[in-house]
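> Quick one, what's the 3D model for this:
(one chain, ligands or ions: 1)
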Amino acid sequence: MAIDLRSDTVTQPSPGMRSAIANAVVGDDVYGDDPTVNSLEERVASLFGHEAALFCPTGSLANQLAIRTLVKPGEELLVETRSHIVRAELGAAATFSGITTRTWPAADGLLRAQDPLAIAHEDAGPYLVSTKAIAVENTHNFGGGTVQPIAEIEQLSSAAHQRGIAMHLDGARIWNAHIASAVPLAQYGKHFDTISVCLSKGLGAPVGSLMISTKARVSEARIWRKRYGAGMRQVGILAAAGHYALDHNIERLAEDHARAQRIAQALTTVHPSLVDAKKVETNIVGLDLSEIGISAAELTARCKVDGLWISALGPHYARLVTHLDIDDAQCDQAIEILKRALVAK
Ligand SMILES: Cc1ncc(COP(=O)(O)O)c(C=O)c1O
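Next up, the predicted model:
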């Protein structure tokens, strides 16, 4: 069996999760009749101190439903340059919602409140695009799984709200941020008007994300979810997997973080420029190959021959992600394969 470190989305539902799926009590969720979906929505909203939540098939949809409740067509959302919303949702904000985006760059994706505040233009009159919302990704995927400093979030949220600008959290991996930083989920939650979270990444559910906000925004998002064709019926079978994930798989993320740290430390012995282990805060290890003389595509191909799957995300940038289907032995094997692949001529 290959060791698959391409992403934390590659996990298989565990026997316990499959049993929760099999035993789920369900109903037609388009009629609001699915008790397992309803309880998951209430549970997740309350974890973040919000009024309501909406079960969605993907994190991309949860992001898009959220931001369209904050920003009207022709208005602007500010996002970090490498954030998922602007790099990996295929222009959805523009295509579906007429939202324009403007970006600021941040080293390792790490938020500095002053950066978006410096480019925000909340009331640009008839001359320029007006900024209506700012999105923050936590943890930051393409930044290397970095955890956004809570002090910067607080400062940004307070200044943005004073200027009438709303805040969205792309919290696909907020669970990892919470475990790494010990900041309570509700403390993150209170700084944002809308939040998206995923159960299908580090938490190991096969499908499932939630859009979280006020009752009014969630009602609006429910209409748009149906309009987009994502009103689902007896989807409690998936919500049951979500409940199981929340019950069993949050605290254990610390193990994924420790394994990612182990991989990072082992690889710095090959070449110090490959990865800075101090920056590996969660389950993502980004490898900078620019000084190694091997492309990400070549490294990925060499590893694959030896049974290790990793992602090439740029010409000289490869990514490894630890998750609940990777144990210590596989982690050690991955290190050996990577070391061989990195030094091979
Ligand atoms: C930070 C972030 N946000 C959103 C998403 C979107 O999730 P999905 O693939 O479920 O649409 C991802 C997916 O990897 C992600 O990494």
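> can we go C-alpha only for contacts and neighbour counts from here?
Fine.
> Residue ranges in this protein under the pLDDT threshold?
Scanning the chain for pLDDT under 70 picks out the ranges 345.
> where's the residue nearest to the spatial centre of it relative to Ser83, distance?
Centroid check for the chain by C-alpha atoms, centre = their mean gives Ala172 as the closest residue, at 2.6 Å. The spacing between Ala172 and Ser83, counted by C-alpha to C-alpha, to the nearest Å, is 11 Å.
> Give me the common contacts of the two.
Residues touching both Ala172 and Ser83 (C-alpha atoms under 8 Å, 6 or more residues apart in numbering): Glu137.
> ok, now which ones touch the residue nearest to the centre of the chain?
59, 137-139, 196-199, 201, 209 are the contacts of Ala172 under C-alpha under 8 Å, 6+ apart.
> Same list (the residues you listed) but as CSV, adding secondary structure, distance to the ligand and neighbour count.
CSV is the format used below for the contacts of Ala172 (DSSP: H, G, I helix; E, B strand; the rest coil; distance: C-alpha to the nearest ligand atom, whole Å; neighbours: other C-alpha atoms under 10 Å):
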residue, secondary structure, distance to the ligand, neighbour count
Gly59, helix, 4, 27
Glu137, strand, 6, 30
Asn138, coil, 7, 28
Thr139, coil, 7, 28
Ser196, strand, 8, 30
Val197, strand, 8, 27
Cys198, strand, 7, 28
Leu199, coil, 9, 29
Lys201, coil, 7, 24
Ser209, strand, 7, 27
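> The residue of the stretch 151-300 of the chain found nearest the ligand and Ala297, how far apart?
Closest approach between the stretch 151-300 of the chain and the ligand, counting by C-alpha to the nearest ligand atom: Ala172, at 4.8 Å. Distance, Ala172 to Ala297, using C-alpha to C-alpha: 26 Å.
> where exactly do the helices run in the stretch 151-300 of the chain?
Secondary structure of the stretch 151-300 of the chain (DSSP state H, counting those that start in this stretch): helices located at 174-181, 185-189, 215-227, 236-248, 253-268, 296-305.
> Over to stretch 226-238 now: how far is its first residue from its last?
Taking C-alpha to C-alpha as the measure, stretch 226-238 stretches 18 Å from start to finish.
> what does the stretch 151-300 of the chain have sitting close to the ligand?
170, 172 (C-alpha under 6 Å from any ligand atom).
> at 8 Å what do you get?
By C-alpha under 8 Å from any ligand atom, the residues of the stretch 151-300 of the chain that approach the ligand are 170-173, 196, 198, 200-201, 207-209.
> tell me the two of these that are most distant?
Across these, the longest distance by C-alpha to C-alpha is 16.8 Å; it joins Asp170 and Val207.
> the more surrounded of those two?
Neighbour comparison, Asp170 and Val207: the larger count goes to Asp170, with 27 against 19 (by other C-alpha atoms under 10 Å).
> wait, that one sits on Asn141?
No: contact criterion C-alpha atoms under 8 Å: Asp170 and Asn141 do not qualify, at 10.3 Å.
> For the residue nearest to Pro149 when sequence neighbours are not counted, give me its contacts.
Setting aside the residues directly before and after it, Pro149 is nearest to Leu111 in space (C-alpha to C-alpha, 6 or more residues apart in numbering), at 7.2 Å. Contact analysis of Leu111 by C-alpha under 8 Å, 6+ apart lists 136, 148-149, 152-153.
> Look up phi and psi at Val321.
phi -130, psi 130 (degrees, to the nearest 10).
> Please name the nearest non-neighbouring residue to it.
Val321 sits nearest to Ile284 (C-alpha to C-alpha, 6+ apart), 4.6 Å away.
> for Leu253, same thing?
Beyond its immediate neighbours in the sequence, the residue positioned closest to Leu253 (C-alpha to C-alpha, 6+ apart) is Asn176, lying 6.4 Å away.
> which ones are touching the one you found?
139, 202, 250, 253-254, 282-283.
> Tell me the secondary structure at the closest residue in space to Lys190 that isn't next to it in sequence.
Leaving aside its sequence neighbours, Lys190 sits nearest to Gly49 (C-alpha to C-alpha, 6+ apart; 6.7 Å). At Gly49, secondary structure determined by DSSP: H, G, I helix; E, B strand; the rest coil is coil.
> Gly49 and Ala186 touch, don't they?
Yes: judged on C-alpha under 8 Å, Gly49 makes contact with Ala186 at a distance of 5.2 Å.
> Need the distance between the two termini of stretch 194-209.
In stretch 194-209, first residue to last residue: 13 Å (C-alpha to C-alpha).
> please begin residue numbering at 892 from this point
Yes, from this point I'll number from 892; that puts the last item at stretch 1085-1100.
> hang on, the earlier thing: give me the common contacts of Asp1061 and Asn1032.
By C-alpha under 8 Å, 6+ apart, Asp1061 and Asn1032 have no common neighbours.
> which ones are touching the residue nearest to Val1212?
Counting by C-alpha under 8 Å, 6+ apart, Ile1175 touches 1032, 1035-1036, 1148, 1151, 1210-1213.
> So which residues of the stretch 892-1041 of the chain form helices?
Under DSSP H, counting those that start in this stretch, the stretch 892-1041 of the chain gives helices at 906-913, 926-938, 950-961, 975-978, 983-988, 1005-1010, 1041-1053.
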